[in-house]
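[1] missing the sequence, but the structure's below:
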């Protein structure tokens, strides 16, 4: 019986993702991916005619999983919608609490491995990473605006809301992007130091700073 | 007249740094560096017998420049030592105000290009990046502790200081590392989106969050 094509494709992608995150894209040889996935060259090139096709499929799969994590965290905190400050902090706490497990699964981030190579970015992978950035920015900025409005109303002792949804000039979109920035920067710090504990520590710092902002 | 060896070495390193930040280390061919630097193969291999020697020299030079920026910012704010909160915020403001110029000079960071390749890290470049991380952490954590102590004294309306120098559980070392994390994460964001303005926006968010912490 021939192997199921979809299963084979998924095995190739999982193997390639691990290698690319570990070694970088340019430094990963296709032969290593083929051998690691236990597939044939024929099957490999059937799914991915060029290395760039592999790169695009890797980023696409990673973005889908990334946005899935976001949706899970939004769902898990939906019951706190009536208390926007509690929801924002509980939302951030989910990533902090999941940091050690995340770092046990991967030593860095596919986005970091991708952005360092200009050839990959200009070939179309950048568009999908931007989908992820914007996919996080919009709902997270929504949580931030709601929390800031609740905070502003509380501080004035009335039900008025802050007109622009910003807290003392902190732009909600930029603060939402800061979650992406904290993840990516902490991946770099973890790799440089060999200490995976920095991911949790950095997500904790972010939660605590946001806590001060909306407390 | 033969060219001055030190000048030639510096020209090779400047050319290589630009290429490695733009394309990644593995994707940068030594022939491109040699051609870009306008040097001979003989001169190149005299200075850098292997590609790894080049990588080590690049990281070493980058770390020296990076810690030089830190020292400049510490010196520029030394006159504010009597007002630790003002000094910390002025210190952070220097990087925010310099962000656009930084991003006009480089599209990403050599640390990001280095950490993605495991072979480079295990060959000794990681040690020098850790020198940079620790080199930033210690003085920045010192500024943070001083600001938090001033804040705690102010909040209590007396001269007592916070015993551990932490603000409501925010670890000063982790918050100091968050400056490195913000730089690195923002480099990734700028590269992914093609929008260099994110560097300034992210450094601004960090300053504003710290401002809330010690206000």
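    Thanks, I have the structure now. This structure is a prediction, so every number in the text was calculated from the model and none was measured.
[2] what's the pLDDT at the residue nearest to residue A:182 when sequence neighbours are not counted?
    The shortest distance from residue A:182 to any non-neighbouring residue, by Cβ to Cβ, 6 or more residues apart in numbering or on different chains, is to residue A:206 (4.8 Å). Where you see a C-beta, it was placed from the backbone N, CA and C, and this is true even at glycine. On pLDDT, residue A:206 comes in at 98.
[3] go on, residue A:37?
    Looking at residue A:37, the pLDDT reads 96.
[4] does it touch residue A:19 like I think?
    No: look at residue A:37 against residue A:19 with Cβ atoms under 8 Å: they stay out of range, at 9.7 Å.
[5] how about residue A:52, what does it touch?
    A:120, A:123 (Cβ atoms under 8 Å, 6 or more residues apart in numbering or on different chains).
[6] so which helix or strand takes in it?
    For residue A:52, the host element (DSSP states H and E) is helix A:51-76.
[7] between the helix or strand just after that helix and helix A:51-76, how big is the angle?
    Using DSSP H and E, the helix or strand that follows helix A:51-76 in sequence is helix A:84-97. Here helix A:84-97 runs at an angle of 130 degrees relative to helix A:51-76 (axes from the mean of the first three to the mean of the last three Cα atoms, to 10 degrees).
[8] same for helix A:84-97, what does it pack against?
    helix A:51-76, helix A:126-156, helix A:172-193, helix A:197-214 (3 or more Cβ pairs under 8 Å, 6 or more residues apart in numbering or on different chains; DSSP states H and E).
[9] out of those, which is the most enclosed?
    Mean neighbour count (mean count of other Cβ atoms under 10 Å in any protein chain shown) peaks for helix A:172-193 among the helices and strands packed on helix A:84-97, with a mean of 25.
[10] show me what it is packed against.
    Counting by 3+ Cβ pairs under 8 Å, 6+ apart, helix A:172-193 packs on helix A:84-97, helix A:110-115, helix A:126-156, helix A:197-214, helix B:110-115, helix B:126-156, helix B:172-193, helix B:197-214.
[11] now the ones you listed as JSON lines including distance to residue B:64?
    Below are the helices and strands packed on helix A:172-193 laid out as JSON lines (distance: least, Cβ to Cβ, whole Å):
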{"stretch": "helix A:84-97", "distance to residue B:64": "34"}
{"stretch": "helix A:110-115", "distance to residue B:64": "24"}
{"stretch": "helix A:126-156", "distance to residue B:64": "31"}
{"stretch": "helix A:197-214", "distance to residue B:64": "23"}
{"stretch": "helix B:110-115", "distance to residue B:64": "12"}
{"stretch": "helix B:126-156", "distance to residue B:64": "9"}
{"stretch": "helix B:172-193", "distance to residue B:64": "16"}
{"stretch": "helix B:197-214", "distance to residue B:64": "21"}
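[12] please name whichever of those is nearest to residue B:50.
    Proximity to residue B:50 (Cβ to Cβ) singles out helix B:110-115 among these, at 15.7 Å.
[13] could you point out which element follows the closest one?
    helix B:118-120.
[14] show me the shaky parts of chain A.
    For chain A, applying pLDDT under 70 flags the ranges A:1-3, A:155-168.
[15] what about 50?
    Chain A contains residues with pLDDT under 50 at A:1, A:158-163.
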